[in-house]
Every structure is written in C-alpha cells, then in structure tokens.
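Visitor: Got a predicted model here, sequence first, then my questions.
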Amino acid sequence: MKPGAPLEPVAGRPGEGAAGRLRQRLLAALLVIWLWLPTLCVLATDQVRGAHAAVALLLFSAGVLVAPLVLLSRLRTYFLLWTPLALLVAPYGYLTLAYGSVPGDALVAATLHTGLAMSMQVLLSFGWLAALAPLSCLLYLLAALRLDRDWSLSASARKNLAALLLMMILIAVVARQTLAHHVRLPPLLDQSTTSLAFPSGLVSSLWRIWLRDDGGAQFASVHGRAAGNGNDLLVVLVIGESVRSDHLGINGYARNTTPGLAALAPALVSFRDVVSRANWTEAAVPGIVAWPLPPGREGRASLVHTFREAGFRTAWLSNQEPFPFASGADVAEFATGTRDYHFRKDADLLPQFSSFMRQAGPRQFVVLHMAGSHIPYEERYDAHARRFAPTMRELGITAPRAADRAAVVNSYDNTIVELDNFLARTIALMQAESRPAVLIYTSDHGENLFDDDRGLFMHAQRGPTRHDTHVPLLVWMNARYQAGHPEAVQGLLSNQARPISHADMFATVLDLASVGWDGQDARRSAASVRYVEAPRRVKVSLDE
C-alpha cells in the first residue's frame, strides 16, 4: 500500500479492474445501509420530532457506525466485527415499526429473561421474520467475506476521521452552551438522540437492566390489589421540580406560560391551593410517593411497590439522582453524572417513556421525575421556550440579588414554558392510546424569587414560605378514562377549589387507578367526593 493513500487497494478479484472496484464499493455501501437500517426505521415513528431531530439522529448514528474505523484499518475486518449486530437488524427494525418506538428496557428485559424454548416459540410465531433474521445475517456475513482482505484505510485517513468526529462533538458542545437559547439546534448529543440510535440505544438499555435495583421488598406492603377486573389502564405521575403554582398561566398568572396546557381543557383539572410536605426534594418527594404506616408497624409503603402488587408494570424515569422510592420498578433511569446534570433536558425522557408505554403490557404505572425549574434555570430550556427576556445569562448574572429580580423571573418563567411543552408532548403521546389513561402532575416544592422584603431566593432555606411550598397539581384524563371513571371525575371537580396537601397524594393516585390497599380511606383522596380537608403540615428540618 502506498504511503498516504486514503484507501488501498479496492481490487475486487484479479483482472476485474474498474468494474471490480465498483462492485466492492457497492457491496460496502449495502453493508453500511443494512447496519444503518434500524436507525432509519426510527424516522418512520413519532419519536423523532422535526427535521433538526432527524438530522441529529442521522449524524449521531453515522458517527457511531464509523467510529471503529479510527482503530481498524481493514474494512473487511470492520464489517465482520459488526456481524452480531447485523443479526439484530431485522427484528430490531420490525419491532420499531410495529410498536412505533425503539425496543425499550421492558421489551429488552423480557427478551433476556425468556427461556430458549419459549423464545423460539415466540420467534416462530412471526413466520417470515423468524427466517429473515438468520438469513439476512448470513447474507451479510457472506457479503463481508467477499470484500477484498487488503482494502484498507490509511493512517492519515483514520486520523482525519478521528479529527472529524472530535470536531463534530466539540461544535455540538460549544453550540449547546452558546447558541441554545437563540437557535433551535439539532440535539446531536442529547439523550433523546443517543437512546434512539442503533446500537447505542440498545447498549443503554442493557446497561440500565444490568444496574437495575430489584430491592422493592425493603418497603412495607399495603397489599395493593386491582379493583374490579383489572382492566387496561395507563397511570402516569409526573413530579416536577421547584415549580410554584402562581407562575402557571392556567392558574391566573399574568404571563401566558402554559398555552399548551390551556388548550387541553376541559380534560385537564387544575388545583390551585396545594401544599408540599417540605421545601427541599429529599423530604418533599417521599411526601408524594410514600405512605407512613400506622402505629405499631415500621416503615413506609411506596407507590411503585403497591402498583406492582396490584399487577401493574412500573417504570421510574428520572432526570435526577437515583431515588430509593424507585426501588423495585421494572424499568428505572436516573441522571448520574455531570454530563447528565448539564446536558439532559426533561424531553430526553420521552423516547424511553413512549417505548415503555407501548411495549410493557396493558396495565402500567410510570413516574417521570423532572429536573424542571431547578437552578441553574438557563440549562432547563431551549430556544423554543425562550419567551421572556432579558434573561440572567444574557445579562451575565451568576449570583443574582434582589435588584436582578426581573431577569430572574424571566429565566424562571422560561422554564415554565419548557414545562408546558413537556407536559403537552407527554399528553399527546398518551392521547394516542386506546386504553384509559390518566396523568397527574405536581411539583416537589416551589421556589422563592425575591418576592418580598426578605429577599429570599431558591428553596430549601430554613423557614418554608408560601412561595416554596405552594405547588401546582394537575390531572389530565383521556375520554376513555372519563367514561369509565365518572366517580373520579366528579371527585376531582368537587375538590378543585379546596385546600390539598401532598400528604394525600399517595391515596389520590391509587384512587385514580382503582387500586385497593390496606389503609385505604376515601377521605384522604382528592379524587373522592368524600374527601375531608386535613391540617397541612410542612417539614422545617430533617428531624421531623
């Protein structure tokens, strides 16, 4: 091979000349298309929204496929190493098109935990697909073996490829930090892209399944049980972060921060007088998803564990740190590092959510735990949600004071617009469901925004205020849910203007799902006409 030649040789068979080289290139192109096919199938689903997302998906998946060439010079070796993944192309693409979503954690886990005999029975039931997968892999292998063993990338070509990939990543990172609030950028490195590309999405699922915590038994049982016949049902609990009720347009705020939610009336019920259990996440979230046992019994019950007892498949998808009350969920995802905290948007949870929703069976309980409106506000929204300016970033404010309140509120309100987009997209996915579906949204706590002479900012300060404890509570129900649960609709509407506490969320969510449990009391459910207001207590320290 001549030094510096980018590709040498492309010979085909001896004496074939130009025709042989052309056949070699066409063969390599077909192999690339086959490996790229699962990602191309995703473009036919509703998991890719808009041209910018499609461009990002294609660029990222292409980068993943060519990256090994930085280390491997011989193309024949490169394609042969992809052979195990080539076997998955047909079933992966078929499942993506059949479900309208990439194979998610629930489907991958079910495949891994199914015995060989049953797996063969399921595979054979697909008929042509059972033959297509091994046949296509065999054809791929034979085609790869037909490539000239001496067809190689030069060292300089591989260096150029490495430089191109690194430059693409660098440009994406810099643009994300400098232009994200002004231009709608392709989400090249966002989790919403990496989870949809092949094979990175599959690798991510396998990694989460490997790390999954099955320790749900640490929570006490209240013997959750499905009422009636255990009909199909989708229950989604969205837990926001640092969102105060009075900054939602649908709750009377002067700014139109929630146009998407406003368009959902009358299927959406908004409670305007709701108080959290604490003004910091560690204490506030358990007040939503856990239930203290009566005197004489130790521990707490969790929603995830109780729904599992009632026969629901469960998922906890989070943009925050691992949380113990997700323990035992069938599928779990958390933010675990610096990249997650600074680069993941809440919308990145939606591909996994839609995959679980469409693949994990007829009865499901899903928790979506958002990063929401947590400081730094500027990292919580993109250009499409920047409606109020100037923002803190535009004015160079990093340590805001009371005099900066206008810019602080602008930045914070943009996070509410992002929340509106997220909930509207989540509900749009649920609206496509034919089964009954209900979504409950509330925030863990609120936020201080230099509201009065005390000059308080953020939350988690000693002495909870109205601003960091009064939170939104929204319930959306599709038409099938409303028709099948008229008593819940009546209960929600009758309690809409009453004072509500997060202490009643556990009972309310289970009531909306028609799940019975030990300790069930209709007087504690805001979805019951028998609801009784109780004193609303807020923690002021960890010792309480």
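Guide: Structure received. Numbering: from 1, shown residues only.
Visitor: all helices for the stretch 401-544 of the chain, in order.
Guide: Assigned by DSSP state H, counting those that start in this stretch, the helices in the stretch 401-544 of the chain fall at 405-431, 479-484, 486-495, 505-512.
Visitor: And for the residue nearest to the spatial centre of the chain, nearest residue in space, chain neighbours not counted?
Guide: Nearest to the mean C-alpha position of the chain, counting by C-alpha atoms, centre = their mean, stands Leu349 at 1.2 Å. Closest residue to Leu349 apart from its sequence neighbours, by C-beta to C-beta, 6 or more residues apart in numbering: Leu317 at 4.8 Å. C-beta coordinates here come from the backbone N, C-alpha and C atoms, glycine included.
Visitor: Show me what the helix or strand where that neighbour lies is packed against.
Guide: Secondary structure assignment for Leu317, by DSSP states H and E: strand 313-318. Here strand 313-318 touches helix 105-112, helix 303-309, strand 331-333, helix 350-359, strand 363-369, going by 3 or more C-beta pairs under 8 Å, 6 or more residues apart in numbering; DSSP states H and E.
Visitor: Can you name the residues in contact with the first one?
Guide: Under the contact criterion C-beta atoms under 8 Å, 6 or more residues apart in numbering, helix 105-112 has outside partners 95, 99, 119, 202, 205-206, 208-209, 212, 313, 315, 330-331, 333, 352, 355-356, 359-361.
Visitor: same check, this time on the shortest one
Guide: If you take C-beta under 8 Å, 6+ apart as the criterion, strand 331-333 is touched by 104-106, 109, 208, 212-213, 314-318, 322, 326, 349, 352, 356, 360.
Visitor: ok, now with 7 Å
Guide: Strand 331-333 is contacted by residues Asp105, Ala106, Arg208, Arg212, Asp213, Ala315, Trp316, Leu317, Ser318, Ala326, Gln352, Phe356 when judged by C-beta atoms under 7 Å, 6 or more residues apart in numbering.
Visitor: His342: which of these is nearest?
Guide: Relative to His342, the closest of the contacts of strand 331-333 is Ser318; by C-beta to C-beta it sits at 15.9 Å.
Visitor: Is that closest one in contact with His369, as I believe?
Guide: Yes: applying C-beta atoms under 7 Å, one finds Ser318 in contact with His369, separated by 3.7 Å.
Visitor: In terms of neighbours, single out the busier of the two.
Guide: His369 (28 against 22; other C-beta atoms under 10 Å).
Visitor: Next, work out how far apart Ala513 and Glu433 are.
Guide: Distance, Ala513 to Glu433, by C-beta to C-beta, to the nearest Å: 15 Å.
Visitor: actually Ile427, not the one I typed
Guide: Ile427 is 11 Å from Glu433, by C-beta to C-beta.
Visitor: For Ala534, which residues are in contact?
Guide: Neighbouring residues of Ala534 by C-beta under 7 Å, 6+ apart: Ser501.
Visitor: Now the phi/psi pair for it, please.
Guide: Torsion angles at Ala534 (phi, psi; degrees, to the nearest 10) stand at phi -130, psi 160.
Visitor: contacts for stretch 393-401?
Guide: The contact list for stretch 393-401 (C-beta under 7 Å, 6+ apart) reads His181, Glu378, Met392, Asp404, Ala407, Val408, Phe457.
Visitor: quick one, which of Ile427 and Glu433 is more surrounded?
Guide: Ranked by neighbour count (other C-beta under 10 Å), Ile427 and Glu433 place Ile427 first, with 22 against 17.
Visitor: In contact with the more buried one: list those residues for me.
Guide: Neighbour list for Ile427: Leu264, Leu439, Trp476 [criterion: C-beta under 7 Å, 6+ apart].
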